[in-house]
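> coords below, sequence missing:
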DNA sequence: AAAAAGTAAGTGAATATTCACTTACTAATA
DNA sequence: TATTAGTAAGTGAATATTCACTTACTTTTT
């Protein structure tokens, strides 16, 4: 997962786009709003990107890279399983808290339908998360710490589903509740469900 | 949850809107496309609804009613817990299979941001499902069939999260895989996680 | 002075909605 | 019973607005 070379201005645009997305959804993400958010004109956007789709796809790719980097730094296969798992989600919750707009993008159903490029970009983001999770869960199963009567991908599915739903609720609550706290509780519940001992 | 009085024509419009939503997302749901789908003109839509938002909100409410009815018929508190749970999800998967467009609506994050009326309608749909689930899980916990070391709403959260994610994957797969089959496997995994015995 | 980054003012296409008007059918009245 | 009035459901054309994007020109940076 290589980091695309992105200028300072491009990053600013990407971040503004993300903020708008988080605040008012894909319907709110217009070139006009984007320009206003950045305090310059619509036409100036086209000095830095060829099209609006380009902006979104760049944002998704940037996001995938950031997440991948973030996770890679966190995971330490030497540590006990549940510590790893908690660390992964702690990192994720923190990442989301610092960049709330990630949230919308990560689980936007609507981006999926817009174009092939976007569909693929969204899928890439989903797979980044699930591949890191797989590493942990498989390790846990072979170590006898996680139940192995349930196939690994089912476990991943359940974990990711719970995670996504929490994010949805968070957004519906206008990001008001403490995501790290609620996330922690949720992870405890999940661990209880999948732990062997 | 009372059934709103809806004319035959209104129901047709609602269903067409749902189909478009499932096929091409909220971006595709324009009055033009809707009229084309129904084989009459855009203006005719306004004989039956005051606005496009009205159409969508009516659709969401209709959906909530249908789901509620559907579930109420299914649940039989005399039967064993896992049978009830399986029946509930069987019913849901069947409902979704017969009306694929429900899917998009039920977990559309994008509808949420459009207006207060829509936000509330989406929330209503979510709560229909979770209230029926709560009945079952609480019963299971007091009977000692479901783990009670985890609070009921955490269990509900995990179940609903897994369910929603399955639906997302189904849609990303263009409704190709057999949802009842995959759903059954998923429910088995979930039951293993939350069962006490 | 050349290149990069900005602006003002447009473009055509698409949007939801409204307009005056027609058609087919039903209810009221003479 | 024949005519009149009323209505539900449709039409095509036009509305103002918004969309992503372009062109020609100016400012800023290097």
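Nice, thanks for sending it over. Just so you know, these numbers come straight off a predicted model, no measurement behind them.
> Please pull up the helix or strand immediately following the lowest-mean-pLDDT helix or strand in chain A.
Least confident helix or strand, chain A: helix A:109-112 with a mean of 69, by mean pLDDT, DSSP states H and E. Later in the chain than helix A:109-112, the nearest helix or strand by DSSP states H and E is helix A:116-142.
> Quick check, central residue of chain A?
residue A:106 (4.5 Å; CA atoms, centre = their mean).
> The closest residue to that one other than its chain neighbours: neighbour count?
Distances taken as CB to CB, 6 or more residues apart in numbering or on different chains place residue A:125 nearest to residue A:106, at 6.0 Å, with adjacent residues excluded. Where you see a C-beta, it was placed from the backbone N, CA and C, and this is true even at glycine. The tally of other residues near residue A:125 (other CB atoms under 10 Å in any protein chain shown) stands at 23.
> Settle this for me: residue A:163 is touching residue A:85, isn't it.
No: using CB atoms under 8 Å, residue A:163 is not in contact with residue A:85, being 11.4 Å away.
> Up against DNA strand C, what does chain A have?
Counting by CB under 7 Å from any atom of the strand, the positions of chain A adjacent to DNA strand C are A:7, A:9, A:39, A:40, A:41, A:42, A:43, A:44, A:47, A:48.
> which residues touch the spatially closest residue to residue A:87 that is not a sequence neighbour?
Distances taken as CB to CB, 6+ apart place residue A:74 nearest to residue A:87, at 5.3 Å, with adjacent residues excluded. Residue A:74 is in contact with A:87, A:88, A:91, counting by CB atoms under 8 Å, 6 or more residues apart in numbering or on different chains.
> of all those residues, which comes closest to residue B:97?
Taking CB to CB as the measure, residue B:97 sits nearest to residue A:88 out of the contacts of residue A:74, at 34.5 Å.
> In contact with the closest one: list those residues for me.
A:71, A:74, A:75, A:132, A:133, A:136.
> would CSV of those residues with pLDDT be doable?
Output for these, formatted as CSV (pLDDT from 0 to 100):
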residue, pLDDT
A:71, 82
A:74, 83
A:75, 79
A:132, 89
A:133, 90
A:136, 90
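> From these, list the buried ones, please.
The neighbour-count test (16 or more other CB atoms under 10 Å in any protein chain shown) marks A:71, A:75, A:132, A:133, A:136 as buried among the contacts of residue A:88.
> Hmm, residue A:153 and the fourth one touching each other?
In other words, residue A:133. No: in this structure, residue A:133 is not within contact of residue A:153 by CB under 8 Å, at 9.9 Å.
> Contacts only, for residue A:93.
A:179, A:180, A:183.
> returning to what we had before: which member of the contacts of residue A:74 is positioned nearest residue B:187?
residue A:88 (26.1 Å).
> in whichever strand or helix holds the closest one, what counts as buried?
Using DSSP H and E, residue A:88 sits in helix A:81-98. For helix A:81-98, the buried set under the neighbour-count rule, 16+ other CB under 10 Å, comprises A:81-82, A:84-89, A:91-93, A:95-97.
> likewise stretch A:133-152?
Neighbour counts over stretch A:133-152 (16+ other CB under 10 Å) mark A:133, A:136, A:137, A:138, A:140, A:141, A:145, A:146, A:147, A:150 as buried.
> Just send the residues you listed back as CSV, with distance to residue B:189 too.
Output for the buried residues of stretch A:133-152, formatted as CSV (distance: CB to CB, whole Å):
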residue, distance to residue B:189
A:133, 15
A:136, 18
A:137, 13
A:138, 16
A:140, 16
A:141, 13
A:145, 18
A:146, 13
A:147, 10
A:150, 5
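> And those, which is closest to DNA strand D?
Using CB to the nearest atom of the strand, residue A:133 is the member of the buried residues of stretch A:133-152 that sits closest to DNA strand D, with 34.3 Å.
> which residues does that closest one contact?
A:88, A:156, A:159, A:160.
> Of the residues you listed, which belong to strands?
Nothing among the contacts of residue A:133 maps onto strands, per DSSP state E.
> which of the residues you listed has the most neighbours?
Neighbour tally across the contacts of residue A:133 (other CB under 10 Å): the maximum, 28 neighbours, falls on residue A:159.
> residues contacting that residue?
Counting by CB under 8 Å, 6+ apart, residue A:159 has contacts A:133, A:137, A:190.
> what's near enough to touch the second one?
Residues in contact with residue A:137 (CB under 8 Å, 6+ apart) are A:146, A:152, A:155, A:156, A:159.
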